[in-house]
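1. prediction below, plus the sequence it came from.
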Amino acid sequence: PYSRFQEVVGKRREAEERAANLERQIAELQGIRAPEGPQKPDPAKFNSREEFDRAVDQYIEQVSHSKVQQTTQTLRQQQEQEALVSGFNSRLAPLAKENPQYMTAVQVFASMESEMNAQVFRDIVADDDGPRIAWEMATDPDFADAVMAASPAKAGRLIERRLSQAQSSPASQQLPKPAIP
């Protein structure tokens, strides 16, 4: 009887632990689904019209502040992106004078943006060797596929390895530039 009692108590404790875990998970999910940002005041929750009016004023102020922050953040992101692109273009200009096919390579690279991890694409554009990376990806579809399928960290390692191979290989510097496929 004692072992049966321990078994029943053990099962009850397990059930209570499962119930507590489920309640915690439900609370987390409800927290995830909770609407973000300011909530419109409910008139039923206020004792007087003045309290409700103050709550509405606070709500309007919070909404306005939130919209200003969103607009500022969007503007900041646009400025960052413009700075990245202009930096990339300034690094591309001397290479394009040497080899006009760099412009075609960059167009091919730009067309890969939708298939590539956004962070990888941004990192390539921001990189000092960005135009050379674009060239490598445009002239070697296998390399481009490997970079596009990789995580940001792995893509960085692939690109670094490729650039170091290209710099260390004197034969590759003397060969004529391959045509863009």
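-> The structure has been received and is ready for your questions. Numbering: from 1, shown residues only.

2. helices of the protein, residue ranges please.
-> Remark: helices assigned in the chain by DSSP state H are 2-33, 49-98, 101-111, 118-126, 130-139, 141-149, 152-168, 170-174.

3. closest to Pro41 out of those?
-> Across those, Pro41 has its closest neighbour in helix 49-98 (3.9 Å, CB to CB). All C-beta spots, glycine's among them, are computed from the backbone N, C-alpha and C.

4. on that earlier part again, pick the most buried one from the helices of the chain.
-> helix 130-139 (a mean of 23; mean count of other CB atoms under 10 Å).

5. next, format the helices of the chain as a markdown table and append mean pLDDT and distance to Lys40.
-> Formatted as a markdown table, those follow (pLDDT from 0 to 100; distance: least, CB to CB, whole Å):
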| stretch | mean pLDDT | distance to Lys40 |
| --- | --- | --- |
| helix 2-33 | 83 | 17 |
| helix 49-98 | 92 | 6 |
| helix 101-111 | 90 | 43 |
| helix 118-126 | 90 | 34 |
| helix 130-139 | 91 | 47 |
| helix 141-149 | 91 | 44 |
| helix 152-168 | 88 | 40 |
| helix 170-174 | 47 | 64 |
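
6. Lys11 and Val106, how far apart?
-> As judged by CB to CB, to the nearest Å, Lys11 and Val106 stand 67 Å apart.

7. please report the distance of Asn21 from Arg13.
-> Asn21 is 13 Å from Arg13, by CB to CB.

8. what sits against Ile159?
-> Residues in contact with Ile159 (CB atoms under 8 Å, 6 or more residues apart in numbering) are 124, 127, 133, 136, 147.

9. okay, the residues you listed in CSV with distance to Leu95 next?
-> Shown next, in CSV, are the contacts of Ile159 (distance: CB to CB, whole Å):
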residue, distance to Leu95
Ile124, 15
Asp127, 13
Ile133, 12
Glu136, 12
Val147, 19
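
10. how about Val106, nearest residue that isn't a chain neighbour?
-> Leaving aside its sequence neighbours, Val106 sits nearest to Ala134 (CB to CB, 6 or more residues apart in numbering; 5.1 Å).
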